[in-house]
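Trainee: Predicted model, plus sequence, below.
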Amino acid sequence: MTNTWQGKLVCLRALEPEDWRAFFDWDQDTEMARSTYWIPFPGSQEAAKKWTADQALDRGKTHEYKWVIENLNGELVGMLNTHTCDPRVGTFQYGVAVKREHWRKGYASEAIRIVLGYFFRELRYQKVNGHVYAFNEPSLGLHRKLGFREEGRLRRMVYTDGQHSDEVIFGMTVEEFEAAESVRKSR
């Protein structure tokens, strides 16, 4: 039996209310928050419980979904979400974050490829866009390695740690994805 949501390293699943602790702990990591979005105001455990419970019931609107990334030992290692989905045009965006202790293990790469495969092969989307902060070198490298093309740069779009930074825009078409997957599988 095959499972669309499982790869060789990770399995993607829906959020569960019990995941609240991981998300609460994650919010305590300032560097992680800075590299993926922004540093949140300190939240309570009760707020984390409520947010996670609400997200666990959300089925997404027009293909805007949230997945927990688990390694094959069942450990929550990250999260991936799709957003800005336009089924008419066939474009979407996503965000991915992996907990610091699981960086550089291939989890983000595989999770992204699983979601891209689903959106391109099952939902008929034709292009994905990703926005990466220019100071986030690991994410820039990840997107290049996956076969994304740099399509532009929005100057001074992020302010964190006392300075402005650019936002780099990456894109990949379905044809580019299939070509990259073909090369990856032939190795």
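Mentor: Here it is on my side, so go on.

Trainee: Which residues are in contact with T82?
Mentor: For T82, the contacting residues are G60, H63, E64, Y65, F92, Q93, Y94, V115, F119, by Cβ atoms under 8 Å, 6 or more residues apart in numbering. Every residue, glycine included, has its C-beta placed from N, CA and C.

Trainee: Equivalent analysis for I169, please.
Mentor: N129, G130, H131, E150, E151, G152, R153, L154.

Trainee: returning to that earlier point: return a ChimeraX selection command for the buried portion of the contacts of T82.
Mentor: Buried residues within those, by 16 or more other Cβ atoms under 10 Å, are selected in ChimeraX with:
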select :64,65,92,93,94,115,119
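
Trainee: out of the contacts of T82, which are inside helices?
Mentor: V115, F119 (DSSP state H).

Trainee: could the contacts of T82 be laid out in TSV, adding distance to W5 and pLDDT?
Mentor: Conversion of these to TSV gives the following (distance: Cβ to Cβ, whole Å; pLDDT from 0 to 100):
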residue	distance to W5	pLDDT
G60	14	76
H63	15	95
E64	17	95
Y65	11	95
F92	17	98
Q93	20	98
Y94	15	97
V115	9	98
F119	13	98
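
Trainee: All good on my end, thank you.
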